[in-house]
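A.B. asks: Sequence below, structure please.
(chains A and B)
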Amino acid sequence: DGGITQSPKYLFRKEGQNVTLSCEQNLNHDAMYWYRQDPGQGLRLIYYSQIVNDFQKGDIAEGYSVSREKKESFPLTVTSAQKNPTAFYLCASSVTGRETQYFGPGTRLLVL
Amino acid sequence: KNEVEQSPQNLTAQEGEFITINCSYSVGISALHWLQQHPGGGIVSLFMLSSGKKKHGRLIATINIQEKHSSLHITASHPRDSAVYICAVAAGGGADGLTFGKGTHLIIQP
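C.D. replies: Next up is the predicted model:
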């Protein structure tokens, strides 16, 4: 079955620790996205990538980093510089030049 | 930057009622999405439209490009329709991500 997988479903971070959220897709999509969702707010774009080895900052990139070494994978690292990391993180993908985005199940990050 | 407003923020209705959720945006777009988010958090794309009207089962989505407004309708609502419905817009080709509304939390009571 084609789709997007995110792991883990829940992730706990200690103060000062970097954590990496996984996003994998087997849809052969060129574009991938990371969004953050906070209670009472709309999803906000963190980073996006339209092609392997290239990515751009979204609206709230500070404190996050990404890589795109493979078409299928777009991991997001939440660094210690992100002072308020507790949120629900969603990964999405789409065929570049088209606009339907397909979403993964999400990862909920909690700070201990 | 596009501003996306949804109304109402919360809606509780009885089973069988006709439901309407509204979305307005501030800047011209290439497409508008309606998404559904269930309590577990996963998001499903319901519609993508750039003009006119689309229908899928009991769901109908309309868009008026001139007025920068879209509506999502649910006919013969059912408790399983309870979810958060999110409007999102794409500018240009959409490859640089979507701009989202805050969502409408819908509860259908039996």
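A.B. asks: what about the strands in chain B?
C.D. replies: Using DSSP state E, the strands of chain B run over B:4-7, B:10-14, B:19-25, B:31-37, B:43-49, B:52-56, B:59-64, B:69-74, B:83-90, B:99-100, B:104-109.
A.B. asks: likewise chain A?
C.D. replies: With DSSP E as the criterion, chain A has strands spanning A:4-7, A:10-13, A:19-25, A:31-37, A:44-51, A:54-57, A:64-66, A:76-78, A:87-94, A:102-103, A:107-111.
A.B. asks: Could you list the residues of chain A in contact with chain B?
C.D. replies: By CB under 8 Å from any CB of the partner chain, the residues of chain A that approach chain B are A:31, A:33, A:35, A:37, A:40-45, A:48, A:50, A:56, A:58, A:88, A:90, A:94, A:96-106, A:108. All C-beta atoms are positioned from the backbone trio N, CA, C, and that covers glycine.
A.B. asks: re earlier: could I get the strands of chain A as a markdown table with mean pLDDT and mean neighbour count?
C.D. replies: Output for the strands of chain A, formatted as a markdown table (pLDDT from 0 to 100; neighbours: other CB atoms under 10 Å in any protein chain shown):
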| stretch | mean pLDDT | mean neighbour count |
| --- | --- | --- |
| strand A:4-7 | 94 | 16 |
| strand A:10-13 | 90 | 14 |
| strand A:19-25 | 96 | 19 |
| strand A:31-37 | 95 | 25 |
| strand A:44-51 | 94 | 21 |
| strand A:54-57 | 94 | 14 |
| strand A:64-66 | 97 | 20 |
| strand A:76-78 | 96 | 20 |
| strand A:87-94 | 94 | 24 |
| strand A:102-103 | 91 | 20 |
| strand A:107-111 | 92 | 17 |
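A.B. asks: now those as a markdown table including distance to residue B:86?
C.D. replies: Below are the strands of chain A laid out as a markdown table (distance: least, CB to CB, whole Å):
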| stretch | distance to residue B:86 |
| --- | --- |
| strand A:4-7 | 17 |
| strand A:10-13 | 22 |
| strand A:19-25 | 20 |
| strand A:31-37 | 10 |
| strand A:44-51 | 13 |
| strand A:54-57 | 23 |
| strand A:64-66 | 22 |
| strand A:76-78 | 21 |
| strand A:87-94 | 11 |
| strand A:102-103 | 10 |
| strand A:107-111 | 18 |
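A.B. asks: In TSV: the strands of chain B, plus distance to chain A and mean pLDDT.
C.D. replies: What follows is the strands of chain B, written out as TSV (distance: least, CB to the nearest CB, whole Å; pLDDT from 0 to 100):
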stretch	distance to chain A	mean pLDDT
strand B:4-7	7	96
strand B:10-14	11	98
strand B:19-25	11	97
strand B:31-37	5	94
strand B:43-49	4	92
strand B:52-56	13	96
strand B:59-64	14	98
strand B:69-74	15	98
strand B:83-90	5	95
strand B:99-100	4	92
strand B:104-109	10	97
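A.B. asks: out of everything not next to it in sequence, what's closest to the most centrally placed residue in chain A?
C.D. replies: Chain A has residue A:34 as the residue nearest its centroid, 3.1 Å off, counting by CA atoms, centre = their mean. Distance criterion CB to CB, 6 or more residues apart in numbering or on different chains; nearest residue to residue A:34, sequence neighbours excluded, is residue A:46 at 4.3 Å.
A.B. asks: Quick one: residues contacting the one you found.
C.D. replies: By CB atoms under 8 Å, 6 or more residues apart in numbering or on different chains, the contact set of residue A:46 is A:34, A:35, A:36, A:58, A:59, A:60, A:61, A:64, A:66, A:76, A:89.
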